[in-house]
Structures are given as C-alpha cells and as structure tokens.
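J.: My questions concern the predicted model and sequence given below.
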Amino acid sequence: MEKESFKVTPWEVKGDVDYEKLVREFGVKPMPNLPEVFNKNVLFRRHIVYAQRDFDRILDAIKNKKKFVMMTGLMPSGKFHIGHMLVAQQMAFYQKLGAKLYIAVADLEAYNTRNKDFEEMKKVAVDQYLLNYIALGLSPKNCDFYFQSRRSDNAEKSNAYYRLATSLSRYATFNEFSAVYGEISPGKMASSLLQAADMFHPQLSEFEGKIPVVVPVGIDQDPHLRIARDIGGRYKDSKFIQLSSTYHIFMPGLKGGKMSSSNESSFIAMTDSPKEVEMKIKKYAFSGGRDTIEEHRKHGGVPEKDVSYQYLRMFFEPDDEKLKKIYDDYSSGKMLTSELKQILIEKINAFLKEHQRKRKLAEKEVGKFLLKS
Ligand code: TRP
C-alpha cells in the first residue's frame, strides 16, 4: 500500500505515518522476544509498543530482580483522552513489575514552546492527568510525580536536577541540534536539554544513584532520546548508564491522524458521557467499510484502516479470539460498519462507567502524590 507523505517530529505529527519507515530513519530496533509477563499485556502482545533502544538492559534487570526506573513525562494541556492511556497503562504495568516511577509534568516545556500559564497547567496536571493515572492503577508507592518548574522541596535534590539540566549544554553542539530537530528555537533547545535531565537525573547520587532507566514514549519523542543519549554519554561529572526506551504507535484520532487534545473531534475524553461517546463514534470514527451495504457484503471492510477496529485492538477488546472473530467478520463483509461501531460504543461506555467511578475515588488519593521531596 502506497503511503502519502507524512511528518513526525516532537512538535508536529501529520499525514499517514509509516511506522516501519520511522524505525529505519530513526535507527530504533524492533521489540525483541519478550518474557511472559509482557505478553499478558495487550500493548506489548499486539505490538502497539513496537520499537526500542537498549531495552535488553531492562529485561536483564527484570530477570535478575535488579532495581530499575521507569521515567516519562506529560504535557499538561487539554483534556486527558483515551490516547493518553497508552503511557498510563505502561506506567501501571512497570510499577507492578517493581520499577520506581519518575513522572515529569512538562510545564516548563509547555511554557517555553506553547505559551502556557503555570497555574492553569498545575490544575490540568492534577485534574486531568494525575486523577486518571490513579484511576488507571497508579499507586503513590514508589512514584515520584513532579513538575519541571518545581523539582523538589529538598534543596539538594532540586539543585542537582537543575544543575544537570543546565550543565548538559556544555556537551552539546548547535550542529547536532539542527541535525536532529531541523528548525530549532531557544525555547525548544532548552526543553530538549531539560528533557535530557528528566531522563538522566534519576541516576544522580541525590536520587537513585546509577540505575537502568526505561523511557516509554510515542515514537515522535525519539529525537529527544537521540540527543539525550548522545549528550548524556559525554557527560563527565556522573557516569550514566545509557537510557533504554520503548516506542508506541499513535492512538489514531477519530477521523484519522493522531489523537490530539487540541482537536475536539479527534478524541474520546475520559469524562465523556455515554451519549457523547455514541455521537462521536457514529459521526466521526473513520470507517474502513465500503460505500454501500451491497459492496461491503461483497468485498468486506478493511480493519487496518478502520478507527473503531483499531480502538478495539489497542484497548477495548483484550480477548484475542474475540478480536480475531471481529476481524474476520468485518473483513469478510459479514459484519457491517454500524455493527462494529456499536460493539465499540458499548465497550467504551462500559469501560468509562467503571473508570469514572474510580476517578471519583482517586480524588482522595491525589495528596499522596504531590510535594513529597
Ligand atoms: N516532551 C514530552 C511530550 O511532549 C514530555 C516530556 C518531558 C517527557 N520530559 C520527558 C517525556 C521525559 C519523556 C521523558 O509529551
């Protein structure tokens, strides 16, 4: 199948993404064979998490029952939607495996690159992100949730983090920034260096000391990892263990493209009502079905292109056999688009009903995550 031109950078995703091409262009590796615990997880089993760098180091740590850190970050803007569950589910998964979590609210990055206001971002980080993370299974134990603009109330820790963020620039050149990012502004450069500090600082003596760190992100974030790995590898004041990272495909937006909180008709939010979910799926969800029922019965639909099918595959139908039956029925023409959409609507609404109940309970837990030094 011929793909149209596409673009994937940390600041912009557009077009019909060719994920295999990105693997080659970025120089990341496919996932290796994974131990059984991973295969129990839909995201790993179905290759939603599909590429990696140095992931073997994390697999070794798990095998040898050694400590490791999972570090990732979030952009505190807009509503939390089902696409954000990709990272949230991995957080909960690694935490259950015994990892210590570091979660950065990228408020300085959003301040510098998206003109956001700190107070507003704090509210979004808690009401949208943290509450949903907790409802999705995140526990305050072994979890360091922090704001880039306020690393810690412990001065030694805080100093160490900001010292790293600013001193990393000594080992970076302008040319490598241009080579990796193309166009680059001072704000983006500062964000990139700060993100490198996010990813390496767990290894400072003020934090965990030398320790393997895995960073699960969308494939658009790999340029940040490339820069961080290069610069961090040259850093002299601490000898860091190289970063491990995994990359997931994007959650498709309802109409295709990437699901984005800045585009209302692209996402299902965790707070959407059953009626809203039904309306959005029926009205917007891009269909891989044929133009007429007659044609559909004859040629069948194309699940690979069908957003409703993709949502079932990524989250909402965890049973492989049931998913296969849907795939077969849809691609043979036995199942119509309206029927496929109905299955998805019911699945999402059942999930959100339970999630919204847990989210209410999570309100009491929030305090346990905030402002621990
Ligand atoms: N740049 C990331 C985003 O756009 C947010 C982020 C900040 C991050 N620090 C990080 C991601 C460290 C992973 C690791 O979403």
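T.: Structure received. Note that the coordinates shown come from a computational prediction; the quantities given were computed from them, not determined experimentally.
J.: Next one, pLDDT for residue 3 please.
T.: Reading off the confidence values, residue 3 has pLDDT 51.
J.: On the three-state scheme, residue 289 is what?
T.: Secondary structure, DSSP: H, G, I helix; E, B strand; the rest coil: residue 289 is coil.
J.: Can you get me a residue count around residue 175?
T.: When neighbours are counted by other CB atoms under 10 Å, residue 175 registers 8. For every residue, glycine as well, the C-beta is placed using N, CA and C.
J.: same check, this time on the one 10 residues further on
T.: Under the neighbour criterion other CB under 10 Å, residue 185 is assigned a count of 12.
J.: and it, how far is that from residue 113?
T.: Residue 185 sits 8 Å away from residue 113 when distances are taken as CB to CB, to the nearest Å.
J.: Check residue 53 too.
T.: Computed with CB to CB, the distance linking residue 53 and residue 113 is 24 Å.
J.: quick one, which of the two is more surrounded?
T.: Summary of the neighbour comparison: residue 53 and residue 113, criterion other CB under 10 Å, with residue 53 having more neighbours (22 against 18).
J.: got a list of what the more buried one touches?
T.: Residues in contact with residue 53, defined by CB atoms under 8 Å, 6 or more residues apart in numbering, are 28, 29, 225, 229, 243, 244, 245.
J.: Is the fourth one in a helix, a strand, or coil?
T.: With three-state DSSP as the basis, residue 229 sits in helix.
J.: thought it was touching residue 242?
T.: Yes: Residue 229 sits in contact with residue 242 when judged by CB atoms under 8 Å, with a separation of 6.2 Å.
J.: one step back: what remains of the contacts of residue 53 if I keep only buried residues?
T.: Of all these considered here, the ones buried according to neighbour count by 16 or more other CB atoms under 10 Å are 28, 225, 229, 243, 244, 245.
J.: Can I get those in a markdown table including pLDDT?
T.: Formatted as a markdown table, these follow (pLDDT from 0 to 100):
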| residue | pLDDT |
| --- | --- |
| 28 | 97 |
| 225 | 97 |
| 229 | 97 |
| 243 | 98 |
| 244 | 98 |
| 245 | 98 |
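J.: out of those, which are inside strands?
T.: Secondary structure defined by DSSP state E assigns 244, 245 of the buried ones among the contacts of residue 53 to strands.
J.: So what sits opposite the residue nearest to residue 267 when sequence neighbours are not counted in the bridge?
T.: In space, residue 267 comes closest to residue 81 once its chain neighbours are excluded; the distance is 3.7 Å by CB to CB, 6 or more residues apart in numbering. With beta bridges defined as DSSP bridges, residue 81 has these partners: residue 269.
J.: quick one: which helix or strand includes the residue of the stretch 51-200 of the chain found nearest the ligand?
T.: Nearest to the ligand, among the residues of the stretch 51-200 of the chain, is residue 73, at 2.4 Å (CB to the nearest ligand atom). Assigned by DSSP states H and E, residue 73 belongs to strand 69-74.
J.: C-terminal to that strand, what's the next element?
T.: Using DSSP H and E, the helix or strand that follows strand 69-74 in sequence is helix 85-96.
J.: tell me the mean pLDDT over that following helix?
T.: When the per-residue pLDDT values of helix 85-96 are averaged, the result is 97.
J.: For it, list every residue counted as buried.
T.: The neighbour-count check on helix 85-96 (16+ other CB under 10 Å) flags 85, 86, 87, 88, 89, 90, 91, 92, 93, 94, 95 as buried.
J.: how about the closest residue to the second one other than its chain neighbours, what does it touch?
T.: Spelled out, it's residue 86. Once its chain neighbours are removed from consideration, residue 86 has its nearest residue in residue 248; the separation is 5.2 Å (CB to CB, 6+ apart). Applying CB under 8 Å, 6+ apart, one finds that residue 248 lies in contact with 43, 48, 49, 50, 86, 87, 90, 216, 217, 218, 219.
J.: Spatially, what comes nearest to the last one if we skip its sequence neighbours?
T.: Taking CB to CB, 6+ apart, and ignoring the residues beside it in sequence, residue 219 has residue 247 as its nearest neighbour in space, at 4.3 Å.
J.: quick one: the helix or strand the one you found falls within near the ligand?
T.: Of the helices and strands defined by DSSP H and E, residue 247 is found in strand 244-248. No: using CB under 6 Å from any ligand atom, we find that strand 244-248 stays clear of the ligand, coming within 8.7 Å at best.
J.: Determine how far that strand lies from the middle of the whole chain.
T.: 10 Å (CA atoms, centre = their mean, to the nearest Å).
J.: Could I get the CA-only coordinates of that strand as CSV?
T.: Output in CSV follows, covering the C-alpha atoms of strand 244-248 (Å, rounded to 0.1, in the frame of the first residue of the first chain):
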residue,chain,number,x,y,z
SER,A,244,16.6,2.5,27.4
SER,A,245,13.4,3.5,25.6
THR,A,246,10.4,1.9,24.1
TYR,A,247,8.2,3.5,21.4
HIS,A,248,4.5,3.0,20.8
